[in-house]
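>>> Build the 3D model from these lines:
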Amino acid sequence: MSWFILLLAGLFEVGWAVGLKYTDGFTRPLPTLLTVGAMIVSLALLGLAMKELPLGTAYAIWTGVGAVGTVIAGIILFGESMALLRLLSVGLIVAGLLGLKLSH
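Numbering: from 1, shown residues only. Prediction:
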């Protein structure tokens with residue numbers, strides 16, 4: 001269950017990272033409220049996952065899921081680059097995440 005909670009925490013991290021783009025420097029109230037809410041949920045879920053998972057593994061996977069998810073969201077929502085080197089780099093992050101999971 002801790003791994004599922006950690007995955008959810010990473011997905012909420014994607015939510016707040018994307019939300020930052022929509023807050024327009026925290027000048028738009030609703031996107032700001034949703035972004036701050038996603039931050040709180042993400043950190044709370046990370047804390048719950050860390051009750052059973054090692055600190056380094058949990059934190060690395062949380063940030064990795066957030067990073068990969070945010071890159072994907074940027075491509076889909078904002079038309080960001082899908083350059084081969086960029087995608088290969090994201091693939092390396094995914095490989096690292098899988099390695100951490102398998103080594104636990």
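
>>> Nearest residue to the middle of the chain?
residue 66 (1.5 Å; C-alpha atoms, centre = their mean).

>>> Any figure for the gap between it and residue 21?
According to C-beta to C-beta, to the nearest Å, residue 66 and residue 21 sit 14 Å apart. Where you see a C-beta, it was placed from the backbone N, CA and C, and this is true even at glycine.

>>> Show me the helices in this protein, by range?
For the chain, helices defined by DSSP state H occupy the ranges 2-23, 29-49, 55-78, 84-103.

>>> Could you save those as TSV and add columns showing mean pLDDT?
Shown next, in TSV, are these (pLDDT from 0 to 100):
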stretch	mean pLDDT
helix 2-23	97
helix 29-49	98
helix 55-78	97
helix 84-103	95
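
>>> next one: phi and psi at the residue sitting furthest away from the middle of the chain?
Within the chain, residue 27 marks the point farthest from the mean C-alpha position, 23.2 Å out by C-alpha atoms, centre = their mean. When read as degrees, to the nearest 10, the backbone of residue 27 gives phi -100, psi -10.
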